[in-house]
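A.B. asks: sequence and predicted model, in that order:
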Amino acid sequence: MPRFQLIIAAIEFAATLAFAVSGLIEAARRRMDVVGIFAVAFITAFGGGTVRDVLLDRRPFFWVEHPGYVWLVFGLAVVAAPWLHRRRERFTERAMMLPDALGLGLFSVTGVSLASAADMPAVVSVMMGVITGVFGGVMRDVICNEVPYVFHDHRPYALCAFAGAWVYLAMEAVQLPPLLSLAVSVALIAGLRLAAVLTGWTVPRWQRDES
Amino acid sequence: MPRFQLIIAAIEFAATLAFAVSGLIEAARRRMDVVGIFAVAFITAFGGGTVRDVLLDRRPFFWVEHPGYVWLVFGLAVVAAPWLHRRRERFTERAMMLPDALGLGLFSVTGVSLASAADMPAVVSVMMGVITGVFGGVMRDVICNEVPYVFHDHRPYALCAFAGAWVYLAMEAVQLPPLLSLAVSVALIAGLRLAAVLTGWTVPRWQRDES
Amino acid sequence: MPRFQLIIAAIEFAATLAFAVSGLIEAARRRMDVVGIFAVAFITAFGGGTVRDVLLDRRPFFWVEHPGYVWLVFGLAVVAAPWLHRRRERFTERAMMLPDALGLGLFSVTGVSLASAADMPAVVSVMMGVITGVFGGVMRDVICNEVPYVFHDHRPYALCAFAGAWVYLAMEAVQLPPLLSLAVSVALIAGLRLAAVLTGWTVPRWQRDES
């Protein structure tokens, strides 16, 4: 079990990094200055969990309990941003694919389990899970003045979190050990997401788009 | 009184539906996928009340207490969105005019009465009422990457809620029965709004626009 | 000390006015109606403090405790907005430079001291300070459908607040009298900001911009 905790902590670290870097890249594309790059990276990494905690009225926030993560994003914004520019962004995005998928899984499952522990109805818990996983990216896109990708790219992202959140609740309902439920549903979300990206699977478009 | 409760519940249902459909239409215009359509419809329907509850520090949210509404918006996004496309949107918007006006009235008056019950100063209670009525639409427009309509279309919407909220507070101050105050101010807001739409009344423009 | 309180109250008043007017001007540029002008002015003036209070779970908000300020912004939106139009906006912006810089200082230092009193870690307190100072402007720009200026104009604004917030924490740590720490760090932030504007100092751009 300490080993398990270590794995969780490692996934958390890698996922936070992946989310922060996705904010970093987007902010840099928009030619933001160091303040904007830090702010967008921070909001992308912690926005989902913070919105969830405000909705569930939980304190302290993750980043208040672990201020080391704030320093990490500071460091990224000051040190890594110029460095990232010289490398190919596409390369970075590819390298981020796995930690991003794991982060989506981990953050979503954390969200659903916290909401469920706070006695939220099942469908609300699932929404809290999905919000935790995707709202950082939504806020990133709103600040960068774009319609959120996750709402219109027709590639399953929130849907993977949605499916995995229900699986987690089902496993919790039949009283499987929490760690097992966690591991299975995180793996399921990450696996679905990776499969969707690698196979280019998209959700159906509306008829209107055909005309 | 049970009959009155039933009427309130029916207005609430119709108004939530009207707000959700307005989000649905806007998201579909932006060619969002099913995730975006659900998210925008949900935020339009429940965003105003949720922002109010966060500001007043009230829990649980309306949609946490009534998860059936979450399912309703899910259903709309999956089933009704493609169907809406085939019909004329303009027709839908017309059909939504009455429930939307009633919703503006009901949500605003609920907001002002909750804030007033929480001992907010009068002007703050009025603002909470207006926020409850209009902020769902504001968030819908921000996410759809537009300047909020309610801030620049020069057609009275927030102003109707504003006027009705003061009337509600005045009736409360002279200790009229709450249900009467509620009914009168909801009817007033909805009536003002419908009158404004039907007569094409607009608020004055700034001089700058003339030059 | 009563004289000191008076000075604080005067700075607070001038700064709130300056922030509200910056919202007013931006909303008027976007040709918003009276509702939009009020809403954007209000959010610019009180948005930063309100976000901070939601994050710190503090109530009541500043504008709930001092509803006179809500009336002030109402008055500005109705009376001053048309009047401002006839004058040169550039003149107004210049006149606002000093109160805006003082407001940045005062609001940021208030934020950091409140967060520090709530036992937040140092780096989190500093962030709360910066958020209090700049988030009103960020929300103003998001609503006006622009990428927030403070994130990409390469002119130090948040950075001045950031530096001053650390100075405040340092002075608090060596147990200097709170009023002295407050005065020095507000003056420092305002001074840095004015110096930056007057000398045209900008933060370094990324290499990418050179190509």
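C.D. replies: Structure's in. What do you need?
A.B. asks: just give the closest residue to residue A:23, not the sequence neighbours.
C.D. replies: Excluding the flanking residues, the one nearest residue A:23 by C-beta to C-beta, 6 or more residues apart in numbering or on different chains is residue A:44, at 3.0 Å. Quick note: C-beta positions are derived from backbone N, CA and C, even for glycine.
A.B. asks: so the one you found versus residue C:57, what's the distance?
C.D. replies: From residue A:44 across to residue C:57, the span is 23 Å (C-beta to C-beta, to the nearest Å).
A.B. asks: of those two, which one has the most company?
C.D. replies: residue A:44 (30 against 14; other C-beta atoms under 10 Å in any protein chain shown).
A.B. asks: please, which helix or strand holds that one?
C.D. replies: Assigned by DSSP states H and E, residue A:44 belongs to helix A:34-56.
A.B. asks: find the closest residue to chain C in chain A.
C.D. replies: At 2.7 Å from chain C, residue A:36 is the closest residue in chain A, using C-beta to the nearest C-beta.
A.B. asks: for the residue lying closest to that residue once chain neighbours are set aside, give its distance to residue B:33.
C.D. replies: Spatial nearest neighbour of residue A:36, chain neighbours left out: residue C:151 (2.7 Å); criterion: C-beta to C-beta, 6+ apart. For residue C:151, the distance to residue B:33 equals 28 Å [C-beta to C-beta].
A.B. asks: how about stretch A:105-124 and chain C, touching?
C.D. replies: No. Contact of stretch A:105-124 with chain C (C-beta under 8 Å from any C-beta of the partner chain) is absent, the minimum separation being 15.7 Å.
A.B. asks: list of residues touching that stretch?
C.D. replies: A:8, A:11-12, A:15, A:48-49, A:52, A:56, A:58, A:125-126, A:128-133, A:160-161, A:164-165, A:168-169, A:172, A:178, A:182, A:185-190, A:193, B:63-64, B:67, B:70-71, B:74 (C-beta atoms under 8 Å, 6 or more residues apart in numbering or on different chains).
A.B. asks: in that stretch, what's buried?
C.D. replies: Neighbour counts over stretch A:105-124 (16 or more other C-beta atoms under 10 Å in any protein chain shown) mark A:105-116, A:118, A:120-124 as buried.
A.B. asks: so which of those residues belong to strands?
C.D. replies: Counting by DSSP state E, no part of the buried residues of stretch A:105-124 is found in strands.
A.B. asks: okay, now residue A:2: neighbour count?
C.D. replies: By other C-beta under 10 Å, the residues close to residue A:2 number 6.
A.B. asks: gap between the closest residue to residue A:81 other than its chain neighbours and chain B?
C.D. replies: Nearest non-adjacent residue to residue A:81, counting by C-beta to C-beta, 6+ apart: residue A:37, 5.1 Å away. According to C-beta to the nearest C-beta, to the nearest Å, residue A:37 and chain B sit 21 Å apart.
A.B. asks: now do residue A:2
C.D. replies: In terms of C-beta to the nearest C-beta, residue A:2 sits 36 Å off from chain B.
A.B. asks: distance-wise, check that residue relative to residue A:9.
C.D. replies: Counting by C-beta to C-beta, the gap from residue A:2 to residue A:9 is 10 Å.
A.B. asks: worst-scoring helix or strand of chain A, pLDDT-wise?
C.D. replies: The weakest-scoring helix or strand in chain A, judged by mean pLDDT, DSSP states H and E, is helix A:81-86 (a mean of 69).
A.B. asks: thinking again about what came up before, locate the residue nearest to residue A:36 within the secondary structure: which element?
C.D. replies: Applying DSSP H and E, one finds residue C:151 within helix C:149-152.
A.B. asks: and whatever helix or strand comes next after that helix, what does it pack onto?
C.D. replies: Following helix C:149-152 in sequence order, the next helix or strand is helix C:158-173 (DSSP H and E). Judged by 3 or more C-beta pairs under 8 Å, 6 or more residues apart in numbering or on different chains; DSSP states H and E, helix C:158-173 is in contact with helix A:34-56, helix C:89-117, helix C:122-143, helix C:178-199.
A.B. asks: got the buried residues for helix C:158-173?
C.D. replies: C:158-169, C:171-172.
A.B. asks: residues in contact with it?
C.D. replies: Helix C:158-173 is contacted from outside by A:34-35, A:39, C:104-105, C:108-109, C:111-113, C:116, C:122, C:125-126, C:129-130, C:133-134, C:150, C:178, C:180-182, C:184-186, C:188-189, C:192-193, C:196, C:203, using C-beta under 8 Å, 6+ apart.
A.B. asks: repeat that with 6 Å
C.D. replies: Here helix C:158-173 makes contact (C-beta atoms under 6 Å, 6 or more residues apart in numbering or on different chains) with A:35, C:104, C:108-109, C:112, C:122, C:126, C:129-130, C:133-134, C:150, C:181, C:185, C:188-189, C:192-193.
A.B. asks: repeat that for stretch A:52-69.
C.D. replies: Identification of contacts with stretch A:52-69 by C-beta under 6 Å, 6+ apart yields A:46, A:49-50, A:70, A:111, A:118, A:128, A:131-132, B:59, C:57, C:121, C:123-124.
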